[in-house]
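Engineer: predicted structure and sequence below. I'll ask about it afterward.
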Amino acid sequence: MSARWLDDERWGESEQRLRRKKHKPQGRRRLSDLTAAEGEDSGDDIIRRLTDLGHLSEVVAELKSGKEATAYVARGPRGSVLVKIYRDLEARSFKNDSVYREGQVILDQRAKKAMEGRTRRGLAMLQTDWVLAEYAHLWALWRAGLAVPEPLAGPYPVDYAETVPAVLMRLIGTEDEVAPRLSDARLTPEQAASAWSQALGGMADLLRLGYVHGDYSTYNLLWWEDTVTIIDFPQLTTRQNPNFQSLLRRDAESLATSFRKHGLSVSGDQTLREVQRRALGPAPTPRVMLP
Ligand SMILES: Nc1ncnc2c1ncn2[C@@H]1O[C@H](COP(=O)(O)OP(=O)(O)OP(=O)(O)O)[C@@H](O)[C@H]1O
Ligand SMILES: [Mg+2]
């Protein structure tokens, strides 16, 4: 395979993200502020809908506005919530989604055509698909016992579909001090070694289940109380994707590269071999969901 995507825009974007600084929460916003706002953006509309549905009671702060999504710190009936609201269709580029979607079967031929043709309806479908995929992956990984945030809508698609284009999950850290990404954390050499081992373990846990993350680096790993949590799953890919091996290799490379900042000097190949070795080891204990 020519691996055209290796130097595609998304890859360039993640390189840029390597340099992006973390934003601290930008101050408290009360729900009443949002509700009263005039000329509100669609983010506020979505938050109001999530509140009406009983998922949220208060928005504490906007955490970070990225290219693909805006993250908010909020509060809900089960504690602190990270609300990830995907950008509107026009602002989002689905151009490079195809590498992650290859091998997926879309049975509805009309839907498939609309998505491929990038009609407005097709884009809306892609957007929904992307959000639902993040929930489905979060639920699968959470149940399997992996170090991922607990999804806070679901577990059935009929429940989490109503929060689209937002994904609700447990906030890692606290409302006053949100967990930093590993790319922003300052680590002692011991902590760096532990974080590296956990990061390898997390990638091995995914591989054991037949998944590759697709954007695995310190930019999508959170660090809180000496524990690594993996985030950002819409592009998670399965073995039925013909690009699986290339994506796996790319993830190993970006993990190794992004850890250089923490003083680790390991090649992508070594990283991949270690991940493969660990993937043959025992799996985490699944989380039991009581009825
Ligand atoms: N469960 C969580 N707890 C705390 N912070 C989180 C959580 N999930 C995401 N974040 C924060 O929100 C940011 C954006 O989340 P994510 O990486 O899933 O989206 P993204 O589309 O890649 O956005 P970006 O382009 O900003 O990285 C993360 O970089 C992280 O700082
Ligand atoms: Mg991310």
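Structural biologist: That came through, no problem. Ligands and ions are numbered 1, 2, ... in the order given.
Engineer: for whichever residue of the chain sits closest to ligand 2, pull up the helix or strand it's in.
Structural biologist: Residue of the chain nearest ligand 2, by CB to the ion: Asp232 (3.8 Å). Every C-beta, even on glycine, is put in place using the N, C-alpha and C of the backbone. Under the criterion DSSP states H and E, no helix or strand holds Asp232.
Engineer: specify the local secondary structure of Val105.
Structural biologist: Put simply, Val105 is coil when judged by DSSP: H, G, I helix; E, B strand; the rest coil.
Engineer: against Val131, how distant is it?
Structural biologist: Counting by CB to CB, to the nearest Å, the gap from Val105 to Val131 is 19 Å.
Engineer: the two: who's more crowded?
Structural biologist: Neighbours per residue, other CB atoms under 10 Å: of Val105 and Val131, the larger number sits with Val131, 22 against 6.
Engineer: sec struct for Arg49, please.
Structural biologist: Recorded secondary structure, Arg49: helix (three-state DSSP).
Engineer: what's the local residue count around it?
Structural biologist: Neighbours around Arg49, by other CB under 10 Å: 14.
Engineer: once you drop chain neighbours, what's closest to the most centrally placed residue in the chain?
Structural biologist: Residue closest to the mean C-alpha point of the chain, counted by CA atoms, centre = their mean, is Asp232 at 0.8 Å. The shortest distance from Asp232 to any non-neighbouring residue, by CB to CB, 6 or more residues apart in numbering, is to Asn220 (4.2 Å).
Engineer: who are the contact partners of the one you found?
Structural biologist: Shown in contact with Asn220 (CB atoms under 8 Å, 6 or more residues apart in numbering): Arg181, His213, Ile230, Ile231, Asp232.
Engineer: of the residues you listed, list those near ligand 1.
Structural biologist: Restricting the contacts of Asn220 to those near ligand 1 by CB under 6 Å from any ligand atom leaves Arg181, Ile231, Asp232.
Engineer: reformat those residues as TSV; add pLDDT.
Structural biologist: Listed next are those as TSV, based on pLDDT from 0 to 100:
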residue	pLDDT
Arg181	98
Ile231	98
Asp232	96
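Engineer: highest neighbour count among the contacts of Asn220?
Structural biologist: His213 (27 neighbours).
Engineer: ok, that residue touching Asp251?
Structural biologist: Yes. Assessed by CB atoms under 8 Å, His213 is found in contact with Asp251 at 5.6 Å.
Engineer: tell me the residues of the stretch 151-291 of the chain that contact ligand 2?
Structural biologist: Neighbours of ligand 2 within the stretch 151-291 of the chain, by CB under 5 Å from the ion: Asn220, Asp232.
Engineer: which residue ranges of the chain form helices?
Structural biologist: Using DSSP state H, the helices of the chain run over residues 9-19, 31-36, 42-52, 98-101, 109-117, 120-143, 157-160, 189-208, 244-258, 268-279.
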